[in-house]
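Peer 1: The sequence and its predicted three-dimensional model are supplied below.
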2 protein chains.
Amino acid sequence: MLNRTVLFISDGTGITAGALGKLLEHFPSTHFTQVRLPFTDTLDKIKLAQEAILHATELDGGRPVVIMSLGNIELRNALKQSNAYFIDLFNTFIDPLGLELDQKPLTGAGIAHSVMGSSYHERMEAINFTLGHDDGMTNFGLEEAEVILIGVSRCGKTPTSIYLAMQFGIKAANYPLIPEDFERGVLPAVLHKHLDKIFGLTIKAERLHSVRSERRPDSFYASLENCRKEIATAEGLMRDAGITWADSTSRSIEELSAIILQKIRKPVN
Amino acid sequence: MLNRTVLFISDGTGITAGALGKLLEHFPSTHFTQVRLPFTDTLDKIKLAQEAILHATELDGGRPVVIMSLGNIELRNALKQSNAYFIDLFNTFIDPLGLELDQKPLTGAGIAHSVMGSSYHERMEAINFTLGHDDGMTNFGLEEAEVILIGVSRCGKTPTSIYLAMQFGIKAANYPLIPEDFERGVLPAVLHKHLDKIFGLTIKAERLHSVRSERRPDSFYASLENCRKEIATAEGLMRDAGITWADSTSRSIEELSAIILQKIRKPVN
């Protein structure tokens, strides 16, 4: 397998540059060593970055990929004296977009992820809401929720809720379906008036059995038989109530969130 | 203020394309309406996307910006029949990178954010760990933590911990500093053996007063005087223990996380 180093060099957090790192998944036969160099905002730090580039080249026996976001053109040009494959977010993205918009971009450091960003406070509020409405811990304030995820215990509700809040600023509550609900044969009463914003998660029994067994090995709770029964009953309850659901077994929280977003929001936000 | 629509059109979740949306913060005098069209993986869906482009053009009186990630070249070319300013992640990033690496990229839909991704399971484990070690809820398993955030109540420990886990797969515990610690005048005993992985957060008293007042108005807990005293004492405890800390008052969780990462990890991961 080929070894290559990818350096994310930014004058800010490097998070936007780092997000592009996800595109490396398109090249599965290369092993990428990822190096993050945030807050690279002086010529001295550029020199350190250049040393890192040299070092990576020696280690890998090939020049590294550099994904860079540097607002200051002097720093940008200095870095490019090194031998690397440069993906420059200013050159390829921000500056051309400025021409299209007929506007000069801000070039200060760390513009993209400051607390001044357009949605930051909304996202923080959503995270607080979601943490306070995890696992049905309170029915108070559910009318504020933009979505309520339901499903059996350990089917992925919590991480998906938090991702929705953190990434998209969505107030996402979640509510477990538990044996009491299955015996009663209907959704918890508190959910009835929120049917329009409920989204279900389900999971394959074998996978649930394995996830629950990690937490409580050899328990009735984790047994394959109980998992099968809970899932079938939960899906029945959701079907009766006309609730859309998605299977979390082979989907990432990013994929589940994108599906949920499509259901609960108009594409515009 | 100029109005422009940005459409994120992807055959997968659209999350990588959406991350580039952060770069729009460099153009503060344009108001961007963001439209997400994930799972655009058929010609029929491309047609819907083209209608959305037309609609946006009429609304704004100018062509929209389209940030697109479509692996299938037929879909890509079809979409580009529309009049828009296209930023094509395959054309600009993935295909040229393939030339550099001398490798053909995978072009299937949703490669970047599948559960098959290189770090997905590590991230999910970290999220579970972090949620289970929030707010000092247990001392059990702290040796597994990669970082332990400490600080006064409501200074930003929880969202920062969760961000570290979700984004970087870091097992981040957090531990509040509370009046009992201040009276004793030393850090909680359980933390003594983990000093090397503790990172402190602090906050300006006025900001803490305002945050706490939202939760418990007119309480002693939220009073400016108590906030001042708690912060000064907490900073004293951290100073005595030789702990690095950062001020969360005007920093986003992304910025705090980037600072913490620099402290706890070699840049390589």
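Peer 2: Everything's here; your move.
Peer 1: host element of the residue in chain A that chain B sits nearest to?
Peer 2: Using C-beta to the nearest C-beta, the closest approach of chain A to chain B is made by A:Ala19 at 3.3 Å. C-beta: built from backbone N, CA, C; applies to glycine. In this assignment (DSSP states H and E), A:Ala19 forms part of helix A:15-20.
Peer 1: by contact count, what packs against that helix?
Peer 2: Judged by 3 or more C-beta pairs under 8 Å, 6 or more residues apart in numbering or on different chains; DSSP states H and E, helix A:15-20 is in contact with strand A:2-10, strand A:65-69, helix A:89, helix B:15-20.
Peer 1: deepest of these, which one?
Peer 2: strand A:65-69 (a mean of 26; mean count of other C-beta atoms under 10 Å in any protein chain shown).
Peer 1: and it, anywhere near chain B?
Peer 2: Yes. Counting by C-beta under 8 Å from any C-beta of the partner chain, chain B has neighbours in strand A:65-69: A:Val65.
Peer 1: any residues touching the helix holding A:Ala19, and which ones?
Peer 2: For helix A:15-20, the surrounding residues in contact (C-beta atoms under 8 Å, 6 or more residues apart in numbering or on different chains) are A:8-10, A:34, A:36, A:67-69, A:87, A:89, A:112-113, B:15-16, B:19-20, B:22-23, B:93, B:167, B:254, B:258.
Peer 1: could you give the mean pLDDT of stretch A:120-136?
Peer 2: For stretch A:120-136, mean pLDDT is 94.
Peer 1: before we move on, what about stretch A:250-264?
Peer 2: Mean per-residue pLDDT for stretch A:250-264: 94.
Peer 1: Is it in proximity to chain B?
Peer 2: Yes. Stretch A:250-264 is in contact with chain B by C-beta under 8 Å from any C-beta, via A:250-255, A:257-259, A:261-262.
Peer 1: Which members of these occur in helices, if any?
Peer 2: Within the residues of stretch A:250-264 next to chain B, residues falling in helices by DSSP state H are A:253-255, A:257-259, A:261-262.
Peer 1: Let me have the residues you listed in CSV, extended by distance to B:Leu224.
Peer 2: Formatted as CSV, those follow (distance: C-beta to C-beta, whole Å):
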residue, distance to B:Leu224
A:Ile253, 40
A:Glu254, 41
A:Glu255, 46
A:Ser257, 39
A:Ala258, 43
A:Ile259, 46
A:Leu261, 40
A:Gln262, 45
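Peer 1: Just the buried ones among these, please.
Peer 2: Listed as buried from these are A:253-255, A:257-259, A:261; burial here means 16 or more other C-beta atoms under 10 Å in any protein chain shown.
Peer 1: tell me the secondary structure for the closest residue to A:Ile259 other than its chain neighbours?
Peer 2: The shortest distance from A:Ile259 to any residue other than its chain neighbours is 5.2 Å, reached at A:Ala246 (C-beta to C-beta, 6 or more residues apart in numbering or on different chains). The three-state assignment at A:Ala246 reads strand, by DSSP: H, G, I helix; E, B strand; the rest coil.
Peer 1: pretty sure A:Ala246 is touching A:Ala258, no?
Peer 2: No. At 10.2 Å, A:Ala246 does not count as touching A:Ala258 under the criterion of C-beta atoms under 8 Å.
Peer 1: Can you list the buried residues in the next helix or strand after the helix holding A:Ala19?
Peer 2: As assigned by DSSP H and E, the chain's next helix or strand after helix A:15-20 is strand A:30-37. For strand A:30-37, burial by neighbour count (16+ other C-beta under 10 Å) applies to A:30, A:32, A:34-37.
Peer 1: counting contacts, what elements does the helix or strand that strand A:30-37 is followed by pack onto?
Peer 2: Note on strand A:30-37: by DSSP H and E, the next helix or strand toward the C-terminus is helix A:43-60. In terms of contacts (3+ C-beta pairs under 8 Å, 6+ apart), helix A:43-60 is packed against strand A:2-10, strand A:30-37, helix A:73-79.
Peer 1: Tabulate these in a markdown table, adding columns for distance to chain B and mean pLDDT.
Peer 2: Formatted as a markdown table, those follow (distance: least, C-beta to the nearest C-beta, whole Å; pLDDT from 0 to 100):
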| stretch | distance to chain B | mean pLDDT |
| --- | --- | --- |
| strand A:2-10 | 7 | 95 |
| strand A:30-37 | 5 | 94 |
| helix A:73-79 | 14 | 97 |
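Peer 1: Go through the ones you listed and name the closest to B:Thr233.
Peer 2: Proximity to B:Thr233 (C-beta to C-beta) singles out strand A:30-37 among those, at 34.0 Å.
Peer 1: Contact residues of the stretch 101-250 of chain A facing chain B?
Peer 2: A:101, A:103, A:105-107, A:110-115, A:117-118, A:120, A:124, A:127-128, A:131, A:158-159, A:162-163, A:166-167, A:250.
Peer 1: can you do 6 Å?
Peer 2: Proximity of the stretch 101-250 of chain A to chain B, by C-beta under 6 Å from any C-beta of the partner chain, involves residues A:101, A:103, A:105-106, A:111-115, A:117, A:120, A:127, A:159, A:250.
Peer 1: that older thread, can I get the helices and strands packed on helix A:15-20 in CSV including distance to A:Ala205?
Peer 2: Formatted as CSV, the helices and strands packed on helix A:15-20 follow (distance: least, C-beta to C-beta, whole Å):
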stretch, distance to A:Ala205
strand A:2-10, 39
strand A:65-69, 42
helix A:89, 45
helix B:15-20, 29
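Peer 1: Indicate which one of the helices and strands packed on helix A:43-60 is closest to B:Leu59.
Peer 2: strand A:2-10 (33.7 Å).
Peer 1: In this structure A:His209 contacts A:Asn226, no?
Peer 2: No. Counting by C-beta atoms under 6 Å, A:His209 does not reach A:Asn226; the two are 8.5 Å apart.
Peer 1: how far away is the closest residue to A:Glu254 other than its chain neighbours from B:Arg123?
Peer 2: Leaving out its chain neighbours, the residue that sits closest to A:Glu254 by C-beta to C-beta, 6+ apart is B:His113, at 3.9 Å. In this view, B:His113 and B:Arg123 are 11 Å apart by C-beta to C-beta, to the nearest Å.
Peer 1: before we move on, what about A:Glu225?
Peer 2: Per C-beta to C-beta, A:Glu225 is found 31 Å from B:Arg123.
Peer 1: again, but for A:Leu70
Peer 2: The separation that A:Leu70 has from B:Arg123, given C-beta to C-beta, amounts to 28 Å.
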